[in-house]
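Trainee: Whatever this is, show me its structure:
(chains A, B, C, D, E and F)
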4 protein chains.
Amino acid sequence: MKTTTLRQQKALETKNRLIDSALRVFSRKGFDSSTTKDIAKEAGVTDGLIYHYFASKEELLWAVVDKHSLNKNLQTAALELNGDDSLESLMTCYFNRMLDMLHEKESLIVMFFGEAQRNPQIRERLVSIIEEGIHPLYFLLNNKGVRKGDDVLLAIRNVQTTIVMYFLLFDRMDNDKDGRDRYIEVTVRQFLRSLG
Amino acid sequence: MKTTTLRQQKALETKNRLIDSALRVFSRKGFDSSTTKDIAKEAGVTDGLIYHYFASKEELLWAVVDKHSLNKNLQTAALELNGDDSLESLMTCYFNRMLDMLHEKESLIVMFFGEAQRNPQIRERLVSIIEEGIHPLYFLLNNKGVRKGDDVLLAIRNVQTTIVMYFLLFDRMDNDKDGRDRYIEVTVRQFLRSLG
Amino acid sequence: MKTTTLRQQKALETKNRLIDSALRVFSRKGFDSSTTKDIAKEAGVTDGLIYHYFASKEELLWAVVDKHSLNKNLQTAALELNGDDSLESLMTCYFNRMLDMLHEKESLIVMFFGEAQRNPQIRERLVSIIEEGIHPLYFLLNNKGVRKGDDVLLAIRNVQTTIVMYFLLFDRMDNDKDGRDRYIEVTVRQFLRSLG
Amino acid sequence: MKTTTLRQQKALETKNRLIDSALRVFSRKGFDSSTTKDIAKEAGVTDGLIYHYFASKEELLWAVVDKHSLNKNLQTAALELNGDDSLESLMTCYFNRMLDMLHEKESLIVMFFGEAQRNPQIRERLVSIIEEGIHPLYFLLNNKGVRKGDDVLLAIRNVQTTIVMYFLLFDRMDNDKDGRDRYIEVTVRQFLRSLG
DNA sequence: TATGAATGAGGTTTCATTCAT
DNA sequence: AATGAATGAAACCTCATTCAT
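Mentor: Coordinates of the predicted model:
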C-alpha cells in the first residue's frame, strides 16, 4: 500500500510538471504553435506520456487554466493590506502587489490574453477573473470611507484593466523600477481624484 | 497600354482581396491556426497564388499590418471634433468615435492583441500605435484649457488603454448600446476629474 | 531489459531499411527527383517516419553516405591479393575485384557521380575516396618491385579513374563478360608499360 | 517583309538566350532542381515565354543538348595540330586543347555528367561523344607512325576518359596551371609508353 | 507508469504549365 | 512575340495521437 502511494505521488508530480511545462510553452509560443513534443521535453518526459494523463492537448490547456486561479491572489492582496494606512498609500501598495502578482503569473497572464482573442472559453474565464478582481478592492475602499455605487465599481474595473495593459505592453518588457513607481504614483492620484 | 493597366488593376484587386481575407482569417483563428488554404479559399483563389504575391505567410501578415493604419483614424477623430463644445461632450464624442473605429477595425485590433503577446514585432507596432494615439487628444485638451504635463499624457494613455480593454472584453461581444453609453458617460466624468 | 533491446533492434532495422531504400531511390532518380514518399514506400513505412529518424531529406543523404565506405573495400581488395603472382596477373585480379566492387555498390557509385557535379560536399567525399584508393595499390606495387615516385601515384590514379569511367559508361550497362575481360587485359598491359 | 525578318531574328536571339541560360542553370543546379523561373530570369524574359518556344522543360533540355556538339571541337583540335612536331609535344598540345575545350564547355560537360547517371538518353549521347572523340586522335597517331589496332583505340579512350575525370574532379576546381602542366606531362609520357 | 516507434492527415511552399491579354 | 496572373498537383515537413512493449 505504501508503494502504491509512492507511485501515486510520483505520478501526481509528473502530471503537475506537465501542467507547469505546458503553461510555460503556451505562454511562449501560444497554444497553436506549442507542440506536445515541446511540452514533453520541457517536462523531461517522453512524447506519449502526455496522453496517459490528458486526453488531448486541449485538455492539457484546461488543466493549466484550472490549476491557476488569479482571483485568489488579488483577494489575498486586498486582505493583507494594513487598514490604518492612508487611502493613497493603501492604493499604492495594492497596485504594487497587483503588478508583482502579474509578474509572478506572467506566463499565465500572457497566455490568457494571447488565447482570449480566439478562444471564447478562455475569454469568458478572463472576464470573470477581472470581474471578481473588482470586489476585494471595492470592499477595501468602502471600509476607508469611499462611497458605494456602480460608478465606483466601474472606476475600479477601469483602473485594473489599465494596470493589466500597462503590464502587458510596457512593464513586462522594460522592467524599469523607477518608471513603474512613477506610473503607480500618478495613476493612484488620478484614480482617487476620479472618484470625486 | 490600357490593357496592361486593366490587368494590373485586376492583379491589384486580387492582392488586396488576399490581404483582406488574410486579416479576416487571422483575426478569427489567430495567425498560427490560420491556413494559407483557408485564406486562399476566402479570397476565392487557388492555394499557390498567395505565393505569387507574397513570399510567405509571414509576409502576408506584414502586408496586412502595413495596409491598416490605426493612428490616422484616431488623429482624424480628434481633428473632426467641434471646438465649441464643452470638454465633457467633446470627450464623449471622442470616445464614441474611438469605439466606432475599434468596431470598424475589429478584425485588425483583435489580431493585433492576439499576436502581440508572442510576436515582439507586432507588440512594438501596437505600442507605437497607442503612443501616437495619445497626442491628438493631448493637443485637443490643451486647446480647451487643460494644463500640459506628463501626468496628463499618462492619464490619456490610461484612459485609452482602458477603452481598448473595454472593447476587447465587453463591448465587442455584447453590442449593448445602452451599456456603452453609460460606460462612456461615467468614464468621461472620471477621466476629467482625474485631471484634477 | 530484453524487451527494450528488442524494440531498439527493430527500430535500428527500420532506420537501416530507410537508409538502404534511400540509396536505391537516390541512385535511380537522383537526389532531387527522389521524393520522401518514394523512399518511405520503398522502405514500407509511412511518410512521417523518415523525420523521426532524420532531420531532413538532406540528413538522410548523409546517413547514406556515412554508412557506405568504399575505401575499405578497395583496401581489402589490395590486401587479399596473392603476393606470389606475377605483376600482370596481380593487376588483373585487382582490377577485376575493383569492378566487382563497383557493381556491388552500383547504387552508391552512381549516386555519388550524379550528385558530385552539383553538391560540393559530395564531390569532396568522392575525391577523397579516390585519393585514398590509390595507396593500397601503390604499396602492393612497391612490394612487387615497382619504383616509388609521384608519377607512379599519378599513373595509379589515372588508371583507377579510367576504370570507374569504364564502369559508369560501358560495363554497368552491357554486362558483357568477354568485353570486360578484354578491357582489363589490355588495360593492365598498357598500365604496366606506362610505368616504364 | 523586312520587319518580319527583324522580328524573326529577335525571336531567334531570344530562343538562343533561353537555351544558353538553361545550360548555365542546369549545370549549376542539375536539371531537376532548375526551375523554369530561374531560367527565364537568367535569360531576362518572363516565365511564360519559355512555353512559347519549347513545349516543356524537358524539350528545353534537348534543345540545349542539340545545340552543343563537343565532337566537332575535338576533331578541330586534332586537325589544327602541327604535323611536324614530335609525338610527345603533339600529344601535350592535344591534351591541353582538350582541357581548354572542357573548360570552355564546362557547363555542358558538368550537366552531361550530372544527368547521365539518371537519364539514359543523356548517357547514350555522352558515350557516343566519347566514342567519336577517339578517331581524330587515332588518325593523328597513325600518321605519326603509331601502329593501328583495337588496343590503341582503347588506350586512347582510356586516356581521354582519364582526362575528363581529371577535369571534373580536380582541374575544374583548383585552376592550378602548374599542376595541370605537370599532370599533362606525366600523362603524355605514360600514354606513349603504354602504346608499347 | 512510462517509452518512443509509428501513423496519417494536413500545413506551407514550390513549380511546371496554361492562358487571357 | 511577350507578359505575368492563375492553376493545381505534389514536394517536404510537422504534429497530435495511438499503441505495443
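Trainee: How about whichever helix or strand A:Asp66 is part of and DNA strand F, any contact?
Mentor: According to DSSP states H and E, A:Asp66 maps onto helix A:57-67. Yes - against DNA strand F, helix A:57-67 shows contacts by C-beta under 7 Å from any atom of the strand at A:57-58. Quick note: C-beta positions are derived from backbone N, CA and C, even for glycine.
Trainee: Count the neighbours of the closest residue to DNA strand E within chain A for me.
Mentor: Using C-beta to the nearest atom of the strand, the single residue of chain A nearest to DNA strand E is A:Gly48, 1.7 Å away. Using other C-beta atoms under 10 Å in any protein chain shown, the number of residues around A:Gly48 comes to 9.
Trainee: elements contacting the lengthiest helix in chain A?
Mentor: The single longest helix within chain A, with elements called by DSSP state H, is helix A:2-29. With contacts defined as 3 or more C-beta pairs under 8 Å, 6 or more residues apart in numbering or on different chains; DSSP states H and E, helix A:2-29 has these neighbours: helix A:36-43, helix A:50-53, helix A:57-67, helix A:106-116.
Trainee: can you do 6 Å?
Mentor: With contacts taken as 3 or more C-beta pairs under 6 Å, 6 or more residues apart in numbering or on different chains; DSSP states H and E, helix A:2-29 sits against helix A:36-43, helix A:57-67, helix A:106-116.
Trainee: Would you mind giving these as CSV with mean neighbour count added?
Mentor: Output for those, formatted as CSV (neighbours: other C-beta atoms under 10 Å in any protein chain shown):
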stretch, mean neighbour count
helix A:36-43, 18
helix A:57-67, 17
helix A:106-116, 22
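Trainee: would a markdown table of those helices with distance to chain B be doable?
Mentor: Below are the helices and strands packed on helix A:2-29 laid out as a markdown table (distance: least, C-beta to the nearest C-beta, whole Å):
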| stretch | distance to chain B |
| --- | --- |
| helix A:36-43 | 13 |
| helix A:57-67 | 12 |
| helix A:106-116 | 4 |
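Trainee: And those: which comes nearest chain D?
Mentor: helix A:36-43 (30.8 Å; C-beta to the nearest C-beta).
Trainee: Next, see if that closest one gets close to chain C.
Mentor: No - counting by C-beta under 6 Å from any C-beta of the partner chain, chain C is not contacted by helix A:36-43; separation bottoms out at 11.0 Å.
Trainee: Run the angle between the longest helix of chain A and helix A:106-116 for me.
Mentor: Per axes from the mean of the first three to the mean of the last three C-alpha atoms, to 10 degrees, the angle that helix A:2-29 makes with helix A:106-116 is 60 degrees.
Trainee: how about helix A:2-29, does it reach DNA strand F?
Mentor: No - figure legend: helix A:2-29 not in contact with DNA strand F (C-beta under 7 Å from any atom of the strand); closest approach 8.9 Å.
Trainee: helices and strands of chain A: which one bottoms out on pLDDT?
Mentor: Using mean pLDDT, DSSP states H and E, helix A:70-79 stands out as the lowest-scoring helix or strand of chain A, at a mean of 70.
Trainee: What are the buried residues along stretch A:75-91?
Mentor: A:75, A:77-78, A:81, A:87, A:90-91 (16 or more other C-beta atoms under 10 Å in any protein chain shown).
Trainee: Dump those to TSV, plus distance to D:Ile163.
Mentor: Converted to TSV, these look like this (distance: C-beta to C-beta, whole Å):
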residue	distance to D:Ile163
A:Gln75	88
A:Ala77	85
A:Ala78	90
A:Leu81	92
A:Leu87	96
A:Leu90	93
A:Met91	90
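Trainee: Which pair of the residues you listed spans the longest distance?
Mentor: A:Gln75 and A:Leu87 (19.3 Å; C-beta to C-beta).
Trainee: that older thread, please see if the helix holding A:Asp66 touches DNA strand E.
Mentor: No - Helix A:57-67 lies out of reach of DNA strand E by C-beta under 7 Å from any atom of the strand, never closer than 12.5 Å.
Trainee: what do you get for stretch A:21-41?
Mentor: No - Stretch A:21-41 lies apart from DNA strand E when judged by C-beta under 7 Å from any atom of the strand; the minimum separation is 7.8 Å.
Trainee: Can you pull out the residues in contact with that stretch?
Mentor: By C-beta atoms under 6 Å, 6 or more residues apart in numbering or on different chains, the residues outside stretch A:21-41 that reach it are A:42-43, A:47, A:50, A:57, A:60, A:64, A:107, A:110-111, A:114-115, B:32-33, B:118.
Trainee: Go through those and say which is closest to D:Asn175.
Mentor: B:Asp32 (49.7 Å).
Trainee: picking that back up, from the contacts of stretch A:21-41, pick the one nearest C:Ile163.
Mentor: A:Asp47 (49.9 Å).
Trainee: For A:Leu18, see how far away the closest one is.
Mentor: In this view, A:Asp47 and A:Leu18 are 12 Å apart by C-beta to C-beta, to the nearest Å.
Trainee: returning to that earlier point: do you know the pLDDT at the residue of chain A closest to DNA strand E?
Mentor: pLDDT, A:Gly48: 95.
Trainee: mind checking the SS state of it?
Mentor: Under the three-state scheme (DSSP: H, G, I helix; E, B strand; the rest coil), A:Gly48 adopts helix.
Trainee: what about it, distance to C:Val45?
Mentor: Distance from A:Gly48 to C:Val45, by C-beta to C-beta: 18 Å.
Trainee: Just the residues contacting stretch A:173-188, thanks.
Mentor: A:91-92, A:95, A:171, B:151, B:154.
Trainee: Dump these to CSV, plus pLDDT.
Mentor: Below are the contacts of stretch A:173-188 laid out as CSV (pLDDT from 0 to 100):
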residue, pLDDT
A:Met91, 93
A:Thr92, 94
A:Phe95, 93
A:Asp171, 92
B:Asp151, 94
B:Leu154, 95
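Trainee: can you redo those as CSV with secondary structure and distance to B:Asp178?
Mentor: Shown next, in CSV, are the contacts of stretch A:173-188 (DSSP: H, G, I helix; E, B strand; the rest coil; distance: C-beta to C-beta, whole Å):
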residue, secondary structure, distance to B:Asp178
A:Met91, helix, 31
A:Thr92, helix, 35
A:Phe95, helix, 31
A:Asp171, helix, 34
B:Asp151, helix, 33
B:Leu154, helix, 30
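Trainee: Of those, just say which sits nearest to chain D.
Mentor: Looking across the contacts of stretch A:173-188 and measuring by C-beta to the nearest C-beta, the closest to chain D is A:Asp171, at 48.6 Å.
Trainee: so who does the closest residue to chain C within chain A touch?
Mentor: Nearest residue of chain A to chain C (C-beta to the nearest C-beta) works out as A:Asp47 at 10.2 Å. By C-beta under 6 Å, 6+ apart, the contact set of A:Asp47 is A:37, A:40.
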